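>>> missing the sequence, but the structure's below:
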């Protein structure tokens, strides 16, 4: 794992992507920081600034993650990794940690910002540093998503565009869910649709239609049963559920001066789930 | 030692590897021979754990490649068809990465890398970026990666592709050298190459093992069906009179040769007979000089064509496809000739 980590990290700084990623992130955050915190506004909260520039990550993370697996597969270098005495999990973790390290560099630079604010006025150190940590974890979760998409395709372009699409959808999820009806019946139907979609994905991956149909059937029966038992609990449940997926919304809890442990755990879990899915997707390709 | 048991790899409806079984003993050079698309690379990819088989088992020194992949992969050095290089690294960086990946102890890394680089003669390009190297050098860097750490088993997929004639001979010598304390499996569709270096040949066609034996025994097994081609100065009646008397000649065809008064004769010999001596004396007695006499049908190439051809017929391939295969198998022979002259020039 250490070998892959070192190689990947070095590669990010030999092909400029790492420098570009850091420079662009620092530039945008720096501009917002100067304007809002140091300029005429004189606003003492750095965490809120990070929250307002989280859109930058939607653009930079896909560039960082696009080559992680696609490029290896395209150049056939994955034959070296997969025939070496290392596990797929080690390969995936090595690549993931290298990208997270690149992300950590601007975060370290950001750690100076609250100190700069403190030197000219009152700074809210605890809030700001927790915000930087949350911002970093949010970025790490985005990286895991991008890495997973990269493992699905041989083309870096498709990986980048796919990741951009996924991150934009995640970013806009709150706005999109406001279009959904919030009645109990609609939510119950929506959950059934989600259940079917999950079963279809399962079928696509395993080609086991019996298990997929059984999972979908049982899921829909449970949802139907719960709905008949207590329709109240479904009122607005689907929009609430989808909103809770939004990483960006969860980040805003921290800027409101709340140490939201649940959200921290959620961000780490998203990383974990997508690392797991990446391992599965690499393994699956070897079997098909 | 490698044991391959009943290996099957299916891509949709296409059987890439069809119930393949063989055993590879220690300290030998094995040659995988087969026309393009015979399943050589797929088999090698399965043996090294790059892809998984649909069914069947591969045991490397008793370790199952799927159940104990780390133990099994430690014993293998693999050079795939396209060398798996990170082109944004220098040669020495790449080899250091490969050494770490193979879990060679930190103390030995430097010495091992140097040894591998010297073996394939890439020390002079150690500090160059791989993307700037020529195809032959890239191939050698891939080979260095495979021999790095001196694994017990070396699996080389077409190791001499892209090399110049001098390098091909160097690599062959290197493979012979390595075989002294390693097991080497190499694949090729170039027959002469396999014949040159391998002690044991596995001929694969259509994903099936059609023959496996030493080159000598493979040749002998088919000597039975020998054919003779001769150019004889005689008139047709005289010649037929002589040929009728020689036992062992099953049938013949004659046609006018290029030289005046000569007949080009194609003789089919009964199994297990060698009529060359009696043919010579009989024709000498009849005062019919032999200008040319050539035995055919006992080279490895004929066996290869026959075996892979038989299989192609079994698969009901069309005539064109079959003849394409023949062309594919014959082409390397030409390249071998140019190679030899090339080497002669160098010497």
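That came through fine. Computed from a predicted structure; not experimentally measured.

>>> Nearest to chain B: which residue in the stretch 51-200 of chain A?
Per C-beta to the nearest C-beta, residue A:80 is where the stretch 51-200 of chain A lies closest to chain B, at 3.7 Å. All C-beta spots, glycine's among them, are computed from the backbone N, C-alpha and C.

>>> List the residues that contact that residue.
B:84, B:85, B:98, B:101, B:145 (C-beta atoms under 8 Å, 6 or more residues apart in numbering or on different chains).

>>> Could you report the distance from it to residue B:132?
Using C-beta to C-beta, to the nearest Å, residue A:80 is found at 19 Å from residue B:132.

>>> can you check residue B:11 too?
Distance, residue B:11 to residue B:132, using C-beta to C-beta: 36 Å.

>>> Please apply the same query to residue B:23.
Separation of residue B:23 from residue B:132 (C-beta to C-beta): 43 Å.

>>> how many neighbours does the nearest residue to residue B:135 once chain neighbours are set aside have?
Once flanking residues are discounted, residue B:135 sits nearest to residue B:162: 4.1 Å by C-beta to C-beta, 6 or more residues apart in numbering or on different chains. Using other C-beta atoms under 10 Å in any protein chain shown, residue B:162 has 16 other residues around it.

>>> what helix or strand is residue B:167 on?
Taking DSSP states H and E as the definition, residue B:167 sits inside helix B:165-178.

>>> Packing partners of that helix?
Helix B:165-178 sits against helix B:135-147, strand B:183-188, helix B:191-197, helix B:319-346, with contacts defined as 3 or more C-beta pairs under 8 Å, 6 or more residues apart in numbering or on different chains; DSSP states H and E.

>>> neighbouring contacts of the host helix or strand of residue A:185?
For residue A:185, the element it lies in under DSSP H and E is helix A:184-206. With C-beta under 8 Å, 6+ apart as the test, helix A:184-206 has contacts from A:180, A:208-209, A:211-213, A:215-216, A:219-220, A:223-224, A:227, A:231-239, A:241, A:280, A:284.

>>> The same query, at a cut-off of 6 Å, please.
Contact with helix A:184-206 is made by A:209, A:212, A:215-216, A:219-220, A:223, A:227, A:231, A:234-235, A:237-238, as judged by C-beta atoms under 6 Å, 6 or more residues apart in numbering or on different chains.

>>> Ok, stretch B:77-96 next?
The contact list for stretch B:77-96 (C-beta under 6 Å, 6+ apart) reads A:11, A:14-15, A:76-77, A:79-80, A:83, B:41, B:48, B:113, B:125-127, B:129-131, B:138-139, B:141-143, B:146-147, B:151, B:154-159.

>>> Check which residues of it are buried.
For stretch B:77-96, the buried set under the neighbour-count rule, 16 or more other C-beta atoms under 10 Å in any protein chain shown, comprises B:77-86, B:88-96.

>>> In strands, which of the residues you listed fall?
The members of the buried residues of stretch B:77-96 that map onto strands under DSSP state E are B:77, B:78, B:79.

>>> Let me know the closest of these to residue A:98.
Nearest to residue A:98 among these, counting by C-beta to C-beta, is residue B:78 at 24.3 Å.

>>> residues from the stretch 51-200 of chain B in reach of chain A?
B:51-52, B:70, B:73-74, B:78, B:80, B:82, B:84, B:86, B:88, B:97, B:100-103 (C-beta under 6 Å from any C-beta of the partner chain).

>>> Now do the contacts for the residue nearest to residue B:32 when sequence neighbours are not counted.
Beyond its immediate neighbours in the sequence, the residue positioned closest to residue B:32 (C-beta to C-beta, 6+ apart) is residue B:187, lying 3.7 Å away. Counting by C-beta under 6 Å, 6+ apart, residue B:187 makes contact with B:32, B:40, B:157, B:158.

>>> before we move on, back to that, quick check on the contacts of stretch B:77-96: which are buried?
Burial by neighbour count, judged by 16+ other C-beta under 10 Å, picks out A:11, A:14, A:77, A:79-80, A:83, B:41, B:48, B:113, B:125-126, B:130, B:138-139, B:141-143, B:146-147, B:151, B:154-159 from the contacts of stretch B:77-96.
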